[in-house]
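Engineer: Pasted the sequence and its predicted model underneath.
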Amino acid sequence: MRSVTWSLCVVLCLCAWGVGDCRSGEPLLRRRRSPDEDDAKCSYTFLVPQNKITGPICASSTGPEPDKDRVTRMDIADVREVLSKQRREIEILQLVVDVDGNMVNEMKLLRKESRNMNSRVTQLYMQLLHEIIRKRDNSLELAQLENRILNVTSEMLRLASRYKELERRFSQLAGVVNNQSVLISALEEQCLRTYTRQELPVVPPLVQVVPENIPINSRFTNEIQRDHNRAFPRGSRMDSSPTGSPLGFPPPPQGTLSSDGPFRDCYQVRQAGHTTSGMYLLKVDGSERLIQAWCEHGLDNGGWTVFQRRKDGSVNFFRNWENYKKGFGNIDNEYWLGLENIYNLGKQGDYRLLVELEDWVGKKVYAEYSSFHLEPESEFYRLRLGAYQGNAGDSMTSHNGKQFTTLDRDKDAFSGNCAHFHKGGWWYNACGQTNLNGVWYSGGVYRSKFQDGIFWADYGGGFYSLKTVRMMIRPID
Ligand SMILES: [Ca+2]
């Protein structure tokens, strides 16, 4: 009975200690932790229901047993150790969290960069698409251009073949026109013979009316003009009065004649350093006579002595022998240097001849002869020409070897006087393929009973009067 009482006292004491729920009358049991449990870093307390005391309670006679559940210093040390361990772990965790935070930031940056990259890639992709489209457009454009070029080429070929066809037809028509002209002349003559019952004077045959080969860019004006005030009409008076100048020419305007000289020819003028075309004083070898001549330095390196020029019809070229021998006209305009002067020039050495022709649309062509000189007056200034080259056609070779004919001195091969029909002075044959000293007609194509215009049969035909003509010589290089 005493031991029961002691046990109760112990329970009460424990209650007073405040551990456990004494009010429920159940003793608090603290479980001792094992070292393993410490390593597991976990501590806990649990209550075990006390068996109801039903039997006798025995009490020790040696006094109360030490309280195993009592918190000792060791426990506190353990707890502290655990706490510090946990703190370290927390610190480690904190570090981990910090590192993780940095990683998160880095991830954010990477994501942002990735977004930027994505947008850049998208932009580049768009650019690429744009470029592809542009290139496709370009290739389309190129294909269109190629097509157009092909079309134009085929059109050009078509036009070229059409042009050839037209040339062929033109040749045929030119032949027809020539034949008809001859026929018309014959019929006119026959009519006149029939109705007048008189013998008509023989007229020279017409030269080619239309050249069978058209010079490039040569065109014919449809205008048929005849400037009677400027070009001297057929049958105009023979101006036999020589010019007043002792040189056979009117005095030149002030300041237009070079103070240098005299020179043997314009080539020497050019060699003396003169580069300006104009009037110069010449004195040919073996002659004391001074002559004025126009030197052309703006053509083919210069040095050309111009002995004939037509440009506006201001000078009458239908003149007598004496005039053609001495020369006439104005040096800076239309003029003829004179057969004697041309003969003397040609005597000095080997010269070549250049004939420059200009039509009424401003196209210039030329005929060049590899050599040129005249025989003396006793031979009536017979013409001696070399080989032809040029783009005007060779209308002068048929005059080679012919003597000079004027109205008052007939040396041509025709039964009549060619100067009479052609209204000039020339090395007529019977009568000829060219008439550069003929009547200056304005406008190109002219109408006249005889072919008396300034024509070059191979360039424009016999009824096309050229606008400007120049004949010039220069020593052979
Ligand atoms: Ca004759």
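Structural biologist: The structure has been received and is ready for your questions.
Engineer: Report pLDDT for the residue in the stretch 251-400 of the chain positioned nearest to the ion.
Structural biologist: Across the stretch 251-400 of the chain, no residue is closer to the ion than residue 380, which sits at 12.0 Å (C-beta to the ion). Placement of C-beta: from N, CA and C, glycine included. In this prediction, residue 380 carries a pLDDT score of 96.
Engineer: so it sits right up against residue 403, yeah?
Structural biologist: Yes - Residue 380 is in contact with residue 403 according to C-beta atoms under 8 Å; the separation is 3.6 Å.
Engineer: hey, what's in contact with both of these two?
Structural biologist: Here residue 380 and residue 403 have residue 411 as joint contacts, going by C-beta atoms under 8 Å, 6 or more residues apart in numbering.
Engineer: hang on, residue 138 is in a strand, isn't it?
Structural biologist: No - note on residue 138: no strand contains this position according to DSSP: H, G, I helix; E, B strand; the rest coil, which reports helix.
Engineer: I'd like to know how far it sits from the ion.
Structural biologist: 76 Å (C-beta to the ion, to the nearest Å).
Engineer: Grab the nearest non-local neighbour of whichever residue of the stretch 151-300 of the chain sits closest to the ion.
Structural biologist: The stretch 151-300 of the chain approaches the ion most closely through residue 204 (9.4 Å), counting by C-beta to the ion. On the basis of C-beta to C-beta, 6 or more residues apart in numbering, the spatially nearest residue to residue 204 that is not a chain neighbour turns out to be residue 431, at 4.3 Å.
Engineer: what number of residues lie near that neighbour?
Structural biologist: As a burial measure, residue 431 scores 27 neighbours (other C-beta atoms under 10 Å).
Engineer: Tell me which residues touch the residue of the stretch 251-400 of the chain closest to the ion, please.
Structural biologist: Contacts for residue 380 (C-beta under 8 Å, 6+ apart) come out as 403-404, 409, 411.
Engineer: quick revisit: just to be sure, the residue of the stretch 151-300 of the chain closest to the ion is in a helix?
Structural biologist: No - under three-state DSSP, residue 204 sits outside any helix and is assigned coil.
Engineer: And the next helix or strand past the strand or helix carrying residue 147?
Structural biologist: Residue 147 is part of helix 73-196 when elements are defined by DSSP states H and E. Past helix 73-196, heading to the C-terminal end, the next element that is a helix or strand (DSSP H and E) is helix 266-271.
Engineer: Widest-spaced pair of the contacts of residue 380?
Structural biologist: Pairwise distances across the contacts of residue 380 peak at 8.8 Å for 403 and 409 (criterion: C-beta to C-beta).
Engineer: Please list the residues of the protein that sit near the ion.
Structural biologist: Taking C-beta under 5 Å from the ion as the test, the list of the chain residues beside the ion reads 410, 412, 414.
Engineer: The first one and residue 421 touch, don't they?
Structural biologist: So the one you mean is residue 410. No - the pair residue 410 / residue 421 is not scored as a contact, 11.4 Å apart, by C-beta under 8 Å.
Engineer: OK, contacts around the nearest residue to residue 285 once chain neighbours are set aside?
Structural biologist: Here the nearest residue to residue 285 in space, its sequence neighbours aside, is residue 348; by C-beta to C-beta, 6+ apart that works out to 5.1 Å. Contacts for residue 348 were tallied using C-beta under 8 Å, 6+ apart; they are 264-265, 284-285.
Engineer: how close does the residue of the stretch 151-300 of the chain closest to the ion sit to residue 450?
Structural biologist: In this structure, residue 204 and residue 450 are 8 Å apart, going by C-beta to C-beta, to the nearest Å.
Engineer: what residues do these two have in common as contacts?
Structural biologist: Residues touching both residue 204 and residue 450 by C-beta under 8 Å, 6+ apart: 421-422.
Engineer: and the contacts of residue 348 as CSV, adding neighbour count and pLDDT?
Structural biologist: As requested, those are arranged in CSV below (neighbours: other C-beta atoms under 10 Å; pLDDT from 0 to 100):
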residue, neighbour count, pLDDT
264, 19, 93
265, 26, 94
284, 22, 91
285, 11, 88
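Engineer: circling back: return the distance of the residue nearest to residue 285 relative to residue 326.
Structural biologist: In terms of C-beta to C-beta, residue 348 sits 19 Å off from residue 326.
Engineer: before we move on, what about residue 306?
Structural biologist: Counting by C-beta to C-beta, the gap from residue 306 to residue 326 is 17 Å.
Engineer: try residue 404
Structural biologist: Between residue 404 and residue 326 the distance is 13 Å, computed by C-beta to C-beta.
Engineer: likewise residue 315?
Structural biologist: In this structure, residue 315 lies at 14 Å from residue 326, with C-beta to C-beta as the measure.
Engineer: Tell me which residues touch the nearest residue to residue 185 once chain neighbours are set aside, please.
Structural biologist: The spatially closest residue to residue 185, leaving aside those adjacent along the chain, is residue 206, at 6.3 Å (C-beta to C-beta, 6+ apart). Remark: with contacts taken as C-beta under 8 Å, 6+ apart, residue 206 is in contact with 181-182, 185, 451, 462.
Engineer: give me phi/psi at residue 206?
Structural biologist: According to degrees, to the nearest 10, the main-chain angles of residue 206 amount to phi -70, psi 140.
Engineer: What's the per-residue pLDDT of it here?
Structural biologist: Checking the pLDDT column for residue 206, the value is 79.
Engineer: again, but for residue 58
Structural biologist: At residue 58, the predicted lDDT confidence score is 57.
Engineer: How about the one 10 residues further on?
Structural biologist: We have a pLDDT of 65 for residue 68.
Engineer: try residue 457
Structural biologist: 92.
Engineer: What count of nearby residues applies to it?
Structural biologist: As a burial measure, residue 457 scores 24 neighbours (other C-beta under 10 Å).
Engineer: Against residue 398, how distant is it?
Structural biologist: As for residue 457, its distance to residue 398 is 9 Å (criterion: C-beta to C-beta).
Engineer: Same question for residue 442.
Structural biologist: Note on residue 442: its distance to residue 398, by C-beta to C-beta, is 27 Å.
Engineer: the more surrounded of these two?
Structural biologist: In this view residue 442 and residue 398 are compared by other C-beta under 10 Å, and residue 442 has more residues nearby, 20 against 16.
Engineer: just to revisit the earlier point, residue 404 and residue 326: which has the busier surroundings?
Structural biologist: Neighbour comparison, residue 404 and residue 326: the larger count goes to residue 404, with 24 against 18 (by other C-beta under 10 Å).
Engineer: Find the nearest non-adjacent residue to the more buried one, please.
Structural biologist: Spatial nearest neighbour of residue 404, chain neighbours left out: residue 381 (4.4 Å); criterion: C-beta to C-beta, 6+ apart.
Engineer: Just to check, the one you found is in contact with residue 401?
Structural biologist: No - with contact defined as C-beta under 8 Å, residue 381 does not count as touching residue 401 (11.9 Å).
Engineer: So which of the two has more stuff around it?
Structural biologist: residue 381 (23 against 13).
Engineer: give me every residue that touches that one.
Structural biologist: Taking C-beta under 8 Å, 6+ apart as the contact definition, residue 381 lies against 339, 342-343, 374-375, 403-404, 427.
Engineer: For it, give me the backbone phi and psi.
Structural biologist: Here the main-chain torsion angles of residue 381 (degrees, to the nearest 10) amount to phi 50, psi 50.
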